[in-house]
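Trainee: One predicted model, sequence on top.
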Amino acid sequence: MSTGITHAAVLAAIHRRCFEEAWSEAALAALLVQPGSSGRIAVCGDPVGFALCRRVVDEMEILTLGVMPDARRQGIATRLLQSVLEGAREANLRRVFLEVAVTNGAALRLYERAGFRPVGQRPRYYRARDGSPVDAVILAWQSVAACVDSSASRTRTGNA
């Protein structure tokens, strides 16, 4: 199900359960009204997870993706991510990227299985519950069309 500003309270409640640094209802509402913002909610009776993204030109950033702790390990995050990537393909976006804490093994495995690869790092980007800094790894997924375009471009310029 797609999200909108009317879902900000529900998204904030889910975010509080999923992340150490939770986003407020006001912060989520502000994101949802920005041009290029979109989201998806996973519902299993009640809302149990969501993904919030922002599109700029031919790229998309996954701003946050979370599933309630008691609904994890049921494939919900995988389905949310697949939905986001399918939307990126349909919109002919070249790249999707995100940041994830280096300590979040489950998320790192999810994104790796979906084809995301590390492209950078942000030192001290997050804070653990005890206040200590946690690095983030920047991951990127590139569409098949972008890979083909890139390969063709290198061939035409003699850089293959």
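Mentor: Cool, the structure landed. Numbering: from 1, shown residues only.

Trainee: just the helices in the chain please.
Mentor: Counting by DSSP state H, the chain has helices at residues 8-18, 25-32, 76-90, 105-113, 144-157.

Trainee: in the chain, which segments are predicted with low confidence?
Mentor: 144-160 (pLDDT under 70).

Trainee: what's the residue closest to the geometric middle of it?
Mentor: The chain has Ile62 as the residue nearest its centroid, 2.7 Å off, counting by Cα atoms, centre = their mean.

Trainee: Angles on the backbone of the nearest residue in space to Ala106 that is not next to it in sequence, please.
Mentor: Closest residue to Ala106 apart from its sequence neighbours, by Cβ to Cβ, 6 or more residues apart in numbering: Arg72 at 7.7 Å. C-beta coordinates here come from the backbone N, C-alpha and C atoms, glycine included. Dihedral angles phi and psi of Arg72 (degrees, to the nearest 10) take the values phi -80, psi 160.

Trainee: swap in Pro35?
Mentor: Torsion angles at Pro35 (phi, psi; degrees, to the nearest 10) stand at phi -60, psi 140.
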